[in-house]
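> Turn this into a model:
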Amino acid sequence: MAAIDLSTAGREIQDLMTTLRIAVLPSAVANQIAAGEVVERPASVVKELVENALDAGATTIEVTVTEGGRTLVRVADDGHGMERDDAEIAVERHATSKIRSAADLVGVASFGFRGEALPAIGSVSRLEIETATSDGSGTRVRVVGGQRESVAAATRRRGTTVSVEGLFFNTPARHKFMKGVRSEWRAIQETMTAIALARRDVRLTMQHDGREAMTLPLATTLRDRVAALWGAAAAESLVGVDDVSGPIRVAGLVETPSDVGLASRRIFVSVNGRAVRDHGIIRAAEAAYRSTIPAGVRPTVLLEITVPVGDVDVNVHPAKAEVRFRDRWSVERAVERAVRHALGSGENVSFAFVTHGARTDTQSAPVDIEALRPSMPAPAPLFERADGDAMPSSVAQIAVGSPDESSEAPHGQVRPPDMVVPPLVQLRRTWMMFESDDAIVLIDQHSAHERVLFEKFMLGMADGSATSQALLFPLTLHLAPAECEAFEEHGELFRTLGFQVEPFGGHALAVHAVPAPHPRFDAERCLRDSLAMLAGDRAGSGLARHERLAATVACKGAVKAGDLLAQDEMRGLYIALARTTLPAYDVHGRSTIVQLSWEELERRFGRR
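So this is what the prediction gives:
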């Protein structure tokens, strides 16, 4: 191969540039350039045409696709249609009925407003528009490769039908980069699904290669539309979100932690009724799942966000697929709060508290967790012995609670709360059971205590409130080199959790004090497992590292299946769990609470 003389090539390019003059591009070329931004693939055509139909006030929209949209995309609606003059000018660039001045861009509510979609599509396809403002006489406009071929009268019903054939027929490079039929069809399905979720007030049908692919009637709620798209079971498995933070409202449906990963993940975000892509909002929603699902697992999130129209700019993306918020931080904070509130609301969990001194039988009415929390007193120290005996200070038996927690009651006694729990029974030394008006309720003692400890540790790491129990004799740990390095790097994290540890020469550590979650806490195993996790570099960084460490210590520090709990221990755990932000799930996303309704029991015994 001959060598390239770069100096010669550079001079030739320079000479060429000096001879070129700035010129206004022909309209056809400008439209094709615009098409490169607006029309990426057949799904882009579907999106633009369906949104035009929605702007036209359509209540029924029919989409027909052939070969994944590579051959044909047709969108028919029953909107208000266009007069002949409007139909002719609609294929001209920057012709729009939505805005008249730059000021109209602020708070624009329509999907389209730039007047670019139809001319851009027409410049790279064979485009035909049939439209009428009333039944009878209408107009047909045909554009091929950006050139208007004909305008004629047409007989049709009120509404508009736009047909796009041979997309990118005159731009071979763009045509070559289209995906296969299956990929393009999948993209169209995703586009129509997003529109269907955002606009439940419209009937939508879609055909692909002559087969019915989507038939969606009007829907009142997002859950109804989800049921029509993915089935009733999928809709019922999702948790409702509805929360207001100042002027920001966040509504929608999200997946419960126990269901995450069991089915396909689905993502949908709309802002003021406009379906958008927003990774920041999705990350904020996923942040609400921290400590409830394994790392790397992604939940289904379907969210509708409403903000004042002046606080969002929709004119920031060529395809209007993204928006810019005036105060993004507030929006993302509102999203995380709303999702966390939904996950912790315990829609299917009833903590049946009754007032002190009242009956503690099945007459006690279930009380919603959120209504309960504001007036909930501080719980008695978890697992504090009621006999008043001094606790051994060995690693395996550590006094529980902190001095300030028990300061209002004599040592060894449980301070009576303003509300008391129903009678609790321990089953197989694993579950606590009680009955409510509606069901038998089982609480997994390990998962529940894990949740309680995790939130306690996270609070302690944030405000320095962690408490410790001094050991009678220091514990010496001999570690692997990697574990020693992990302690050197993250030793401060252990101190914020309540561990008092210092180097003891070589690869050894001396442990002088540890957190005190319960008398059976194995601090040595907890420390070793936590250091092994950090040494294996599986903890991530920043907040993720704090959470993983707190979760590990909570898991190792929680009571285990097989541990016998006294009544006051079960009562303290019950109250403490009700005070957590996410009582229904442990740090692994497993359910802490399971209910078996009386109706189900009666059915199984043949009483129904």
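> What number of residues are in the vicinity of D437?
One way to gauge burial is a neighbour count; for D437, by other Cβ atoms under 10 Å, it gives 12. Every C-beta, even on glycine, is put in place using the N, C-alpha and C of the backbone.
> the helices in the stretch 201-350 of the chain, which residues?
Secondary structure of the stretch 201-350 of the chain, counting by DSSP state H, counting those that start in this stretch: helices at 222-230, 232-236, 279-287, 328-344.
> Just say helix, strand or coil for S465.
Under the three-state scheme (DSSP: H, G, I helix; E, B strand; the rest coil), the conformation of S465 reads as coil.
> before we move on, the earlier item: any chance of the helices of the stretch 201-350 of the chain in TSV, plus mean pLDDT and distance to E483?
Shown next, in TSV, are the helices of the stretch 201-350 of the chain (pLDDT from 0 to 100; distance: least, Cβ to Cβ, whole Å):
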stretch	mean pLDDT	distance to E483
helix 222-230	96	47
helix 232-236	92	45
helix 279-287	91	30
helix 328-344	91	34
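> Throw the ones you listed into a markdown table and include distance to P422 and mean neighbour count, thanks.
Conversion of those to a markdown table gives the following (distance: least, Cβ to Cβ, whole Å; neighbours: other Cβ atoms under 10 Å):
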| stretch | distance to P422 | mean neighbour count |
| --- | --- | --- |
| helix 222-230 | 32 | 20 |
| helix 232-236 | 28 | 14 |
| helix 279-287 | 35 | 18 |
| helix 328-344 | 22 | 20 |
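> of the ones you listed, which approaches V307 most closely?
When the helices of the stretch 201-350 of the chain are compared for distance to V307 using Cβ to Cβ, the nearest one is helix 328-344, at 6.6 Å.
> So, low pLDDT: which residues of this structure?
Under the criterion of pLDDT under 70, the regions of the chain flagged as low confidence span 1-38, 93-115, 295, 315-320, 345-420, 537-544.
> Would you map out the domains in it?
Domain segmentation of the chain under automatic domain parsing yields 27-216, 222-344, 354-598.
> Which positions in whichever helix or strand R545 is part of come out as buried?
With elements delineated by DSSP states H and E, R545 resides in helix 543-557, which encompasses its position. Judged by neighbour count (16 or more other Cβ atoms under 10 Å), helix 543-557 contains these buried residues: 545-557.
> Out of the domains of the chain, which gets nearest to F605?
domain 354-598 (10.5 Å).
> if we can go back for a sec, with distance to R608 as extra columns, can I get the domains of the chain in a markdown table?
What follows is the domains of the chain, written out as a markdown table (distance: least, Cβ to Cβ, whole Å):
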| stretch | distance to R608 |
| --- | --- |
| domain 27-216 | 36 |
| domain 222-344 | 21 |
| domain 354-598 | 10 |
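> among the ones you listed, which is nearest R604?
With distances scored as Cβ to Cβ, the stretch of the domains of the chain nearest to R604 is domain 354-598 (9.3 Å).
> circling back: who wins for proximity to I129 among the helices of the stretch 201-350 of the chain?
In this view, the helices of the stretch 201-350 of the chain are compared for proximity to I129 by Cβ to Cβ, and helix 222-230 is the closest at 29.3 Å.
> which other helices and strands contact the closest one?
Of the remaining helices and strands, those touching helix 222-230 by 3 or more Cβ pairs under 8 Å, 6 or more residues apart in numbering; DSSP states H and E are helix 181-198, strand 211-216, helix 232-236, strand 238-245, strand 248-255, strand 301-306.
> Need those in JSON lines (columns: distance to V269).
Formatted as JSON lines, the helices and strands packed on helix 222-230 follow (distance: least, Cβ to Cβ, whole Å):
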{"stretch": "helix 181-198", "distance to V269": "9"}
{"stretch": "strand 211-216", "distance to V269": "19"}
{"stretch": "helix 232-236", "distance to V269": "18"}
{"stretch": "strand 238-245", "distance to V269": "12"}
{"stretch": "strand 248-255", "distance to V269": "9"}
{"stretch": "strand 301-306", "distance to V269": "5"}
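> now V144: how far from P257?
V144 sits 54 Å away from P257, going by Cβ to Cβ, to the nearest Å.
> Actually, L477.
Using Cβ to Cβ, we find L477 at a distance of 34 Å from P257.
> More neighbours: which of those two?
Legend: neighbour count by other Cβ under 10 Å for L477 and P257, higher for P257 (26 against 19).
> Would you agree the more buried one is in contact with T592?
No: taking Cβ atoms under 8 Å as the contact criterion, P257 and T592 are not neighbours in contact, 10.5 Å apart.
> Spit out the residues that contact those two alike.
Common contacts of P257 and T592, defined by Cβ atoms under 8 Å, 6 or more residues apart in numbering, comprise Y585.
> follow-up on the earlier one: which neighbouring elements make contact with the helix holding R545?
The contact analysis (3+ Cβ pairs under 8 Å, 6+ apart) places helix 543-557 against helix 445-463, helix 481-497, helix 523-535.
> Could you point out which of those sits nearest Q567?
Comparison of these against Q567 by Cβ to Cβ identifies helix 445-463 as nearest, at 13.1 Å.
> Next, the angle from that closest one to helix 481-497.
Computed with axes from the mean of the first three to the mean of the last three Cα atoms, to 10 degrees, the direction of helix 445-463 lies at 80 degrees from that of helix 481-497.
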